[in-house]
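In: this is a predicted model, with the sequence first.
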Amino acid sequence: MTAVAACGVLILQVPAEFPSHNGSGESRHNNPMPQASGTPTDNPLKSPLDRAVHSAVTEFFRQPAHVGLSLAVYRSGHVDYYNYGTTSKDRPALPTRETLYEIASITKTFTGALAAKALLDGKMTLDGDFRSYLQAAYPNLEKNGKPITLRSLADHTSGLPKDIPDSDALFEHPDFDKLPFQLIANEKDYDTPRYLRELHGVSLASEPGAKTRYSNIGVKLISFGLENVYGRPYADLLHAFITGPLRMNRTGLAVVPRDAPLEAQGYSPSGKPMPHTLPNAGAAGGLYSNTEDMMKYAAWQLAERDPVVKKSHALISGDDHSFGTGLIWDEAPMKNGQRKLWHSGGAYGMSSQLILLPVAKTAFLLLANDGGFDTQTELDRLAMAIWESVSAG
C-alpha cells in the first residue's frame, strides 16, 4: 500500500489485488464445504484463524434469525475472507467477497472522513456555527444562544430529532415485520430540498453539546453542508475523495444494474424478506458495499497515515480512558489497554460491524443479511471472540 496526494490531502491507494485469500490461503474461490455446524461455508478449517472464525461463527448461527454472513479479517497487510450461510432463503447461494450488503450506519464514517477533509481544507470548523454552511437561515437551530456545530452533529449532541419526518410514533408499539414498510412510506417522498424545508420547523430538544440523542438527520445535515462548501453532490465527494482513490468499485449509494445479482436479500428478526433502505438514507446510512471493497477502506483507516484519517479518529468528545467519539467513530480501550475503534450499522434486514485495532494492525468486517434485534452486538462479540482466540495463541 502506498500513500498518494489527492487534492492536497494524502489518500491511501490500495493495490488492485492486495494479499488476500479465503481462509488458510489454499483457494481464492468460494467452494461451499458444509461443516459440522450444518451451515454452508467456504472456510477450509486449516489455520488457527480458520478454526477461531469457525468456532465463533458456529456459535453465532445457533440463533435462528441469522441467514448469511460475510466476514473479513485484515492482519498486517493480509486479508482472510470467510462466508457462511446463504444470500437468499428462496434461492440458496453461499455469499462471496463480492456479495453486496447495505452497510447502513457504517456509511456515517465515510461522512466523517469527508468532514475531516473539510476541516483540513479550511472549509469548515469544528465549533463554528454550522448554519453558515447552509444556504438558508435557520434561527431555530440554536438553543440558549448556542447553535449547532459540526462537533455536536458528529457526536449526536445537536438536539436534533432522530429523523425527519419524525418516526418516534412508529416505534411505540411496532410490528417489526411491518415497521420497515411503514418507515419507507413515511419518508419516501423526501429529498434534500424537502429535508431542508422541514428543518425550519424543528425545535432542538436540548442545548447543542449537552445531551446525546442519536440523529440520522444530523449526519445528513453534515452532508448538506459539505455539498455547499465544495459545490458538489455528496455522491461525487465520496467518489472523488474515498471510493475512487481506494478503487472501491462496487461501493455506492445505489447498486448499478450489472451488480444487481450480487445483492443479498435481507430478513427481519422473524425471517421475513425485507425491503432495501431508501436511497435518501444517503450520508446517514445509504451505502452498499462488500467485504472486498470494505477491506480496502479498513486498511486505509487502520494505517492512520492519511491526515484525513487521523483527523477523523481524533476524539471530539469523551476521553481515551473510557469512551470517546471521533468524527463518527466510537473509541474505547480494550482490557489490555489497546485502542479499539468501531462503528456498526443496521438496515431493515441487514446488520454490519467494522472494528479497527490500530496497534495490532488488525481489522474485522462483518456483514450479515438479517436485522435481528441484537445482531450488531453479536457481530462485535463474534469478532472479539476471534481476536481473543488468535491473540492468545
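Out: Looks like it came in fine. Just so it is clear, the structure is predicted and the values come from calculations on it, not from any experiment. Residues are numbered from 1 along each chain as shown.

In: buried residues in whichever helix or strand residue 222 is part of?
Out: Element membership of residue 222 [criterion: DSSP states H and E] is helix 216-230. Within helix 216-230, the residues scored as buried using 16 or more other Cβ atoms under 10 Å are 216-227, 230. (Glycine included, C-beta is placed from N, CA and C.)

In: assumed residue 344 was part of a strand.
Out: Yes. Under the criterion used here (DSSP: H, G, I helix; E, B strand; the rest coil), residue 344 sits inside a strand.

In: I'd guessed it sits against residue 364; true?
Out: No. Using Cβ atoms under 8 Å, residue 344 is not in contact with residue 364; the gap is 11.4 Å.

In: packing partners of the helix holding residue 222?
Out: Under the contact definition 3 or more Cβ pairs under 8 Å, 6 or more residues apart in numbering; DSSP states H and E, helix 216-230 sits against helix 107-120, helix 150-154, helix 192-199, helix 234-238, helix 282-285.

In: about what we covered before: who has more neighbours, residue 344 and residue 364?
Out: Counted by other Cβ atoms under 10 Å, residue 344 and residue 364 do not tie: residue 364 has more neighbours, with 24 against 20.

In: what's the closest non-adjacent residue to that one?
Out: Counting by Cβ to Cβ, 6 or more residues apart in numbering, residue 364 lies nearest to residue 383, which is 3.9 Å off, once chain neighbours are set aside.

In: again, but for residue 254
Out: Spatial nearest neighbour of residue 254, excluding adjacent residues (Cβ to Cβ, 6+ apart): residue 279 at 6.2 Å.

In: domain-wise, how is the protein divided?
Out: 10-106+252-392, 109-234 (automatic domain parsing).

In: looking at these, which is buried most?
Out: Greatest average neighbour count among those goes to domain 10-106+252-392 (a mean of 19), per mean count of other Cβ atoms under 10 Å.

In: distance between it and the chain's centre?
Out: Here domain 10-106+252-392 is found 9 Å from its chain centre; the criterion is Cα atoms, centre = their mean, to the nearest Å.

In: number the residues from 314 up from this point.
Out: Shifting the count to begin at 314 puts that one at domain 323-419+565-705.

In: as a whole number, average confidence for it?
Out: Per-residue pLDDT over domain 323-419+565-705 has a mean of 90.

In: mind listing what residue 552 touches?
Out: Applying Cβ atoms under 8 Å, 6 or more residues apart in numbering to residue 552 gives the contacts residue 565.

In: quick one on the thing from earlier: right, and the helices and strands packed on helix 529-543 - which one's nearest residue 445?
Out: The closest of the helices and strands packed on helix 529-543 to residue 445 is helix 463-467. By Cβ to Cβ, the value is 10.7 Å.

In: so what secondary structure elements neighbour the closest one?
Out: Packed next to helix 463-467, using 3+ Cβ pairs under 8 Å, 6+ apart, are helix 420-433, helix 529-543.

In: next up, the contacts around the residue nearest to residue 677.
Out: Per Cβ under 8 Å, 6+ apart, neighbours of residue 696: 369, 666, 668, 677, 679.

In: swap the cut-off to 10 Å and go again
Out: By Cβ atoms under 10 Å, 6 or more residues apart in numbering, the residues touching residue 696 are 366, 369, 384, 386, 653, 655, 666-668, 670, 675-679.
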